[in-house]
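**Student:** using only what follows, build the 3D model:
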Amino acid sequence: MKYMLLMQFSATGTDFPSIDTWTQDEVRAHIAFMGEVNAKLTAAGEWVDAQGLGGPQQARIVRAGESGAPVVTEGPFAETKEFLAGFWIVDCESPQRAVELAAHISTAPGPGGRPLNMPIEVHPVMSAPSQEL
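**Tutor:** Alright, predicted model coming up:
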């Protein structure tokens, strides 16, 4: 079963500063941890994909306007208190394994090397409906 692990960042309820204030060594350690996670997932045959995402200032919200023409709202979005920082798609044997992976990812180091304990959402990736539908 495939699962999407979503790394959320929230400016509220966190006890660490935003990543743009970290030292270069702290950022390097954080990125190295993510590389190690991906390498371990690959070695275990569980890695499907993983990507870090740009912040809300780079995001766009798109809706269909008249005649289907795109209506684009550019960030930053004042109402945004949380944003999606990155994701993994993993292929695991059980929901419990996906939860274990999410818990490990949550321990990514932040300032001073302390675990961030960021929330990681775990979503099953649904398969396509049967051909009979």
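**Student:** so residue 2 makes contact with residue 89?
**Tutor:** Yes - Residue 2 is within contact range of residue 89, at 6.0 Å (criterion: Cβ atoms under 8 Å). The way it works is simple: take the backbone N, C-alpha and C, and place the C-beta from them, glycine included.
**Student:** need the residues touching each of those two.
**Tutor:** The overlap between the contact sets of residue 2 and residue 89 (Cβ atoms under 8 Å, 6 or more residues apart in numbering) consists of 48, 125.
**Student:** now the strands for the chain?
**Tutor:** Using DSSP state E, the strands of the chain run over residues 2-10, 47-52, 60-64, 70-74, 82-91, 120-124.
**Student:** helices and strands around the second one, which ones?
**Tutor:** Other elements packing on strand 47-52 under the criterion 3 or more Cβ pairs under 8 Å, 6 or more residues apart in numbering; DSSP states H and E are helix 24-43, strand 82-91.
**Student:** ok, back up a step: with mean neighbour count added, can I get the strands of the chain in JSON lines?
**Tutor:** Output for those, formatted as JSON lines (neighbours: other Cβ atoms under 10 Å):
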{"stretch": "strand 2-10", "mean neighbour count": "18"}
{"stretch": "strand 47-52", "mean neighbour count": "13"}
{"stretch": "strand 60-64", "mean neighbour count": "9"}
{"stretch": "strand 70-74", "mean neighbour count": "10"}
{"stretch": "strand 82-91", "mean neighbour count": "18"}
{"stretch": "strand 120-124", "mean neighbour count": "15"}
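**Student:** how about JSON lines for those, with distance to residue 132 and mean pLDDT added?
**Tutor:** Output for those, formatted as JSON lines (distance: least, Cβ to Cβ, whole Å; pLDDT from 0 to 100):
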{"stretch": "strand 2-10", "distance to residue 132": "22", "mean pLDDT": "88"}
{"stretch": "strand 47-52", "distance to residue 132": "27", "mean pLDDT": "94"}
{"stretch": "strand 60-64", "distance to residue 132": "30", "mean pLDDT": "89"}
{"stretch": "strand 70-74", "distance to residue 132": "35", "mean pLDDT": "89"}
{"stretch": "strand 82-91", "distance to residue 132": "25", "mean pLDDT": "90"}
{"stretch": "strand 120-124", "distance to residue 132": "22", "mean pLDDT": "95"}
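**Student:** noted, bye for now.
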